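> I'd like to go over a predicted model; first the sequence, then the structure.
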Amino acid sequence: MKKIVITGPESCGKTTLTSQLAKHYRAPFITEYAREYLDLKKGVYKESDLLEIAKAQIEKEDLIVANFSQEFIFLDTDLLTLKIWAMDKFERCDPWIMDQVKKRNYNYYLLCKPDLPWTPDPQRENPFDRSRIYKTYESELYLYQKPFNVVKGLGDDRLKNAIDLIDSYFITS
């Protein structure tokens, strides 16, 4: 099974793209646990909550991966997002999360460019600096030597670009 992570800053279409790709490839997908968790906490969180979110995300991921056998599985986040979130919000990251970022392996990343209009959401915190955060994602993907490409475009073009990138990557890999 090839694990493909859809990543990037807030409001760049990750959740929509993850769902569309899963449908296109008839594959399972894993939602971002942080959304469920923050809904329960009514959006109020502290630094230690990120570790709880990380552990639950991994548990959810491992359970789904163990129970499916399709060629692909799509993830609407990974722990790299939690590392970036922790560093941006608290200027540090729990060592367990840092360790898991290094240990966990994914086959491919699609980094979503923030070229979509901002969509307000009570859980979103950074409407004005998505470009800065996007560059942080890009830097982290390079730092950890993760295989990735950038997805851009609006609507159906974005989905088509993502499908083309996935097909090209796995045909030539």
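Right, received. Where do you want to start? Numbers count the residues shown, from 1 in each chain.
> now do the helix or strand bottoming out on mean pLDDT in the chain: which elements does it pack against?
Ranked by mean pLDDT, DSSP states H and E, the weakest helix or strand in the chain is helix 33-40, scoring a mean of 88. With contacts defined as 3 or more C-beta pairs under 8 Å, 6 or more residues apart in numbering; DSSP states H and E, the packing partners of helix 33-40 are helix 47-67. Every C-beta, even on glycine, is put in place using the N, C-alpha and C of the backbone.
> excluding residues flanking it in the chain, which one is nearest the residue nearest in space to the middle of the chain?
Nearest residue to the geometric centre of the chain (C-alpha atoms, centre = their mean): residue 77, 2.4 Å. Leaving aside its chain neighbours, residue 77 sits nearest to residue 32 (4.3 Å; criterion: C-beta to C-beta, 6 or more residues apart in numbering).
> so that neighbour touches residue 76, yeah?
Yes - Residue 32 lies in contact with residue 76 (C-beta atoms under 8 Å); the separation is 4.6 Å.
> any chance you could list residues touching both of those two?
Common contacts of residue 32 and residue 76 (C-beta atoms under 8 Å, 6 or more residues apart in numbering): 14-15.
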